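Curious how this folds, go ahead:
(chains A and B)
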There are 2 protein chains.
Amino acid sequence: MEANKGKGDQGMQNPSGQVDRPVSFHFLESMLPKAVKRRVHALKRLQVQCANIEAKFYEEVHELERKYAALYQPLFDKRRDIVTGTVEPTDEECEWHSDRDEEEELAEEVKEKAAIEDAKKEEATPEEDPKGIPEFWLTIFKSVDMLSDMLQEHDEPILKHLKDIQVKFSEPGEPMSFTLEFHFEPNGYFNNAVLTKVYKMKSEPDPSDPFSFEGPEIIDCEGCQIDWHKGKDVTVKTIKKKQKHKGRGTVRTVTKQVPNDSFFNFFNPVKAPPDGEMDEDSEFTLATDFEIGHFFRERIVPRAVLYFTGEALEDDESVSFSLRRMHFETRPYKMLKPQVGYLQTDFCWLWFFSPSLFLQFEEEELEEGEEEEQDEEGDDDDDEGDFDPKA
Amino acid sequence: MEANKGKGDQGMQNPSGQVDRPVSFHFLESMLPKAVKRRVHALKRLQVQCANIEAKFYEEVHELERKYAALYQPLFDKRRDIVTGTVEPTDEECEWHSDRDEEEELAEEVKEKAAIEDAKKEEATPEEDPKGIPEFWLTIFKSVDMLSDMLQEHDEPILKHLKDIQVKFSEPGEPMSFTLEFHFEPNGYFNNAVLTKVYKMKSEPDPSDPFSFEGPEIIDCEGCQIDWHKGKDVTVKTIKKKQKHKGRGTVRTVTKQVPNDSFFNFFNPVKAPPDGEMDEDSEFTLATDFEIGHFFRERIVPRAVLYFTGEALEDDESVSFSLRRMHFETRPYKMLKPQVGYLQTDFCWLWFFSPSLFLQFEEEELEEGEEEEQDEEGDDDDDEGDFDPKA
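Numbering: from 1, shown residues only, chains lettered A, B, ... in the order given. Purely as a prediction, here's the structure:
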């Protein structure tokens, strides 16, 4: 599990802290006359039936989403074609009246004049009219905190080749899931045209706790193999390490490949074990991953241009965000351990954090080429014949 | 508007504070080369089309809810019959295995023995087996903060007669709305068998701000006339007031009926003016009312027994509540001014408040029968010929 030590290090206490179910309602129930308690149990049985009906409701909502996904798709295809420069929109398609007030309009006129000047320059220098909308998706990644937290400098040139992000829903009859597809143009980094991340969902009450059912929840996710060109894999780095033997005092240098922070680790998520047992850090990492997958599906993909211009960010930051976020959900889901989220209110700035999702090695690391002295024994993974003081 | 001076007095600043839309995205857009800006505008036009499709989606979700409401109804009817004692559930219908661990089971056995003793007593004293589940809805009102905040002592004997709360959805083709129906058994307080509160909704993007569309929103509500028996109206009280004339020093006593705190003011909500102009307090009061209506519809009515036993409250208080609340919504809506809500997290206890919704007279009041000296001029509403020092 060492490779998955994503750590929420902003002072979060017990991020996966399950709240013990208090017994107060048992107490209340035990206070009731027996005949009344009996009737309350009858109501509880009815409530379980309600939960089962609710599960069917959510399945139908999922179907409805599939139906509407097909209606949105032509618009999203058009978006992709404009972004990549495959299609140039007509003048009519570009008509847009901003909602600025008159004062701003006035300032605009000044700017317009400057723009005319610029336009003249543009005509002179054709580089000023780039293809499509350059760095469309990269700009979004940089603007949205939840994504920029994952983004590393070495990811940026790769994400310039991102053409489109699509959401695909599972077919009727299949287990409920959605897939994020990241479409890339040919690039110098990997061979894949599409990178995928599948989020598996469940829409049925847990028989042992049917009342906690609140709609479909993400239960697992699966990434994909990235076929990196040689030496281009940004998810690993080579480190050199000096190890001083405590007993003998000798120093040796070892080279090894270790995981490296990168957005592309998104395609190699922590695996939820089938038995449900998981350490705290992994659980937290997975919960964050689910939240990000959900955010792509619900916000980024359906309204990408608004994240590009920043309009959606301003909405997200507005006073009404917390409730809007509470209410925009059409497809409820629960997190494995739902501790992350972006909420903001007038009263309390409550930016839950999206910690760096990935590796934080506790041992000292040296980038290739760097050097430093170490007093400690090398890590235990090196199974060499060295003297072990604990032995 | 005097009758609706609901005041959020917990130190909330500017509850209706609209966030000024910053111009940064205009700035970002103005930085783009003209040809790119043009393409961004094309994407925005596509985004408006998406919002219009989304509105249709939500209409279909509403239809789906109507369909499922009919599936839940037989279960809710059964619930009502058991609560009121009209129907006694069979032994099979009452079978319930709690999820207690073995230790608790053991303790339970001891209790069971005591219960058998009790049962014997019950048989001897038939009062111990009351009809149905007494005070079912009143218990819920008392347990849920959002409701208990509205509840006054004088409301309690009335709410003991509450038999059922139902949610009715608007028919297809009608403007979107839902109605809360409070069904009462015959009682000594009013003649109505049903008190209603209609919440009107809107599911279409605002043409002047299409990107803010997040699904149906409650836009207005309407109460009902309560046909109180003489002297039983708890929403008014008679006060006696002593007024000392500042100039002449004479004292007189006036009697008047003023609004009184009561849950039943819920059926006489603030009216949203058609022009949308509203003072801050009224806006806040209305937003709280919308939140309560939504809570009845989404939580209380669908899972009443869990609020009766307290299980739902424990869920609501658990760590996972904030996200669960964020995600349980199948029918997104926006508040007029969405500043109220119940959110809770591991990091920050953030109980937005449900303030007393109703009147908080700033002038001094005396319940009928009480007396007190007042040095100040009587309130300005009394349009009598007294000397006005400000004149």
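
Now do the helix or strand containing residue A:81 against helix B:34-84, angle only.
If you go by DSSP states H and E, residue A:81 is part of helix A:34-84. Compare the direction of helix A:34-84 with that of helix B:34-84 by axes from the mean of the first three to the mean of the last three Cα atoms, to 10 degrees and you get 170 degrees.

Now for the residue lying closest to residue A:299 once chain neighbours are set aside, which secondary structure element holds it?
For residue A:299, ignoring the flanking residues on the chain, the nearest one in space by Cβ to Cβ, 6 or more residues apart in numbering or on different chains is residue A:312 at 7.0 Å. The way it works is simple: take the backbone N, C-alpha and C, and place the C-beta from them, glycine included. Per DSSP H and E: residue A:312 is located in helix A:311-317.

tell me the mean pLDDT over that helix?
Averaged across helix A:311-317, pLDDT comes to 71.

for stretch A:258-271, same thing?
Stretch A:258-271 carries an average pLDDT of 94.

buried ones in it?
By neighbour count on 16 or more other Cβ atoms under 10 Å in any protein chain shown, the buried set for stretch A:258-271 is A:259, A:260, A:261, A:262, A:263, A:264, A:265, A:266, A:267, A:268, A:269, A:270.

Throw these into JSON lines and include distance to residue A:225 and secondary structure, thanks.
Below are those laid out as JSON lines (distance: Cβ to Cβ, whole Å; DSSP: H, G, I helix; E, B strand; the rest coil):
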{"residue": "A:259", "distance to residue A:225": "15", "secondary structure": "strand"}
{"residue": "A:260", "distance to residue A:225": "17", "secondary structure": "coil"}
{"residue": "A:261", "distance to residue A:225": "20", "secondary structure": "coil"}
{"residue": "A:262", "distance to residue A:225": "15", "secondary structure": "coil"}
{"residue": "A:263", "distance to residue A:225": "16", "secondary structure": "helix"}
{"residue": "A:264", "distance to residue A:225": "11", "secondary structure": "helix"}
{"residue": "A:265", "distance to residue A:225": "13", "secondary structure": "helix"}
{"residue": "A:266", "distance to residue A:225": "13", "secondary structure": "helix"}
{"residue": "A:267", "distance to residue A:225": "8", "secondary structure": "helix"}
{"residue": "A:268", "distance to residue A:225": "9", "secondary structure": "coil"}
{"residue": "A:269", "distance to residue A:225": "13", "secondary structure": "coil"}
{"residue": "A:270", "distance to residue A:225": "16", "secondary structure": "coil"}
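
and these as JSON lines, adding distance to residue B:239?
Below are the buried residues of stretch A:258-271 laid out as JSON lines (distance: Cβ to Cβ, whole Å):
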{"residue": "A:259", "distance to residue B:239": "73"}
{"residue": "A:260", "distance to residue B:239": "74"}
{"residue": "A:261", "distance to residue B:239": "68"}
{"residue": "A:262", "distance to residue B:239": "71"}
{"residue": "A:263", "distance to residue B:239": "67"}
{"residue": "A:264", "distance to residue B:239": "71"}
{"residue": "A:265", "distance to residue B:239": "69"}
{"residue": "A:266", "distance to residue B:239": "66"}
{"residue": "A:267", "distance to residue B:239": "70"}
{"residue": "A:268", "distance to residue B:239": "71"}
{"residue": "A:269", "distance to residue B:239": "66"}
{"residue": "A:270", "distance to residue B:239": "65"}
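
Could you tell me the model confidence score at residue A:347?
23.

That should have said residue A:239, apologies.
90.

Tell me which stretches of the stretch 51-200 of chain A form strands.
In the stretch 51-200 of chain A, strands defined by DSSP state E, counting those that start in this stretch lie at A:162-169, A:177-184, A:194-202, listed in chain order.

and those strands, which is most packed in?
Among these, ranked by average contacts under mean count of other Cβ atoms under 10 Å in any protein chain shown, first place goes to strand A:177-184 (a mean of 20).

could you dump that one to PDB, C-alpha only?
Output in PDB follows, covering the C-alpha atoms of strand A:177-184 (Å, rounded to 0.1, in the frame of the first residue of the first chain):
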ATOM      1  CA  SER A 177     -21.700   3.400 -14.400                       C
ATOM      2  CA  PHE A 178     -20.300   6.400 -16.200                       C
ATOM      3  CA  THR A 179     -17.100   6.800 -18.100                       C
ATOM      4  CA  LEU A 180     -15.000   9.900 -18.600                       C
ATOM      5  CA  GLU A 181     -13.300   9.900 -21.900                       C
ATOM      6  CA  PHE A 182     -10.300  12.200 -22.400                       C
ATOM      7  CA  HIS A 183      -9.700  12.500 -26.200                       C
ATOM      8  CA  PHE A 184      -6.200  13.600 -27.200                       C
END
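
just checking, what packs against that strand?
strand A:162-169, strand A:194-202 (3 or more Cβ pairs under 8 Å, 6 or more residues apart in numbering or on different chains; DSSP states H and E).

close to chain B, is the longest one?
This points to strand A:194-202. No. Applying Cβ under 8 Å from any Cβ of the partner chain, one finds strand A:194-202 separated from chain B by no less than 11.9 Å.

Could you list the paired strands of that strand along with their orientation?
strand A:177-184 (antiparallel), strand A:217-222 (antiparallel) (DSSP bridges).

In terms of mean pLDDT, which of those ranks lowest?
strand A:217-222 (a mean of 93).

May I see the buried residues of it?
Those would be A:217, A:218, A:219, A:220, A:221, for strand A:217-222 by 16+ other Cβ under 10 Å.

I'd like to know which of these is nearest to chain B.
Chain B lies nearest to residue A:217 out of those, by Cβ to the nearest Cβ, at 8.3 Å.

surely residue A:47 meets residue B:309?
No. Assessed by Cβ atoms under 8 Å, residue A:47 is found out of contact with residue B:309, at 9.9 Å.

Next one: the residue nearest to residue A:148 when sequence neighbours are not counted from residue B:255, what distance?
Closest residue to residue A:148 apart from its sequence neighbours, by Cβ to Cβ, 6+ apart: residue A:142 at 5.4 Å. Distance, residue A:142 to residue B:255, by Cβ to Cβ, to the nearest Å: 69 Å.

So if I had to pick from these two, which one is more boxed in?
Neighbour count, other Cβ atoms under 10 Å in any protein chain shown: between residue A:142 and residue B:255, residue A:142 has more, with 13 against 10.

quick one: low-confidence parts of chain A?
Scanning chain A for pLDDT under 70 picks out the ranges A:1-30, A:98-128, A:276, A:314-391.

for it, what spans make up the helices?
Along chain A, counting by DSSP state H, helices occupy A:24-31, A:34-84, A:102-124, A:136-143, A:145-148, A:156-159, A:280-295, A:304-309, A:311-317, A:321-328.

what angle do the longest one and helix A:136-143 make?
Looking back up the chat, that one is helix A:34-84. 130 degrees.

tell me what helix A:34-84 is packed against?
By 3+ Cβ pairs under 8 Å, 6+ apart, helix A:34-84 packs against helix A:24-31, strand A:162-169, helix B:34-84, helix B:102-124, helix B:304-309.

Would you mind getting the angle between the third one and strand B:162-169?
For the pair helix B:34-84 and strand B:162-169, the angle between their directions (the same axes, to 10 degrees) equals 150 degrees.

picking that back up, thought the residue nearest to residue A:299 was touching residue B:211?
Yes. Counting by Cβ under 8 Å, residue A:312 does reach residue B:211; the two are 7.5 Å apart.

any shared contact partners between these two?
Listed as contacting both residue A:312 and residue B:211 by Cβ atoms under 8 Å, 6 or more residues apart in numbering or on different chains are A:303, A:306.

As a markdown table, the strands paired with strand A:194-202 with distance to residue B:303 would be great.
As requested, these are exported to a markdown table (distance: least, Cβ to Cβ, whole Å):
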| stretch | distance to residue B:303 |
| --- | --- |
| strand A:177-184 | 27 |
| strand A:217-222 | 18 |
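
Burial check on residue A:227, number of neighbours?
For residue A:227, using other Cβ under 10 Å, the count is 11.
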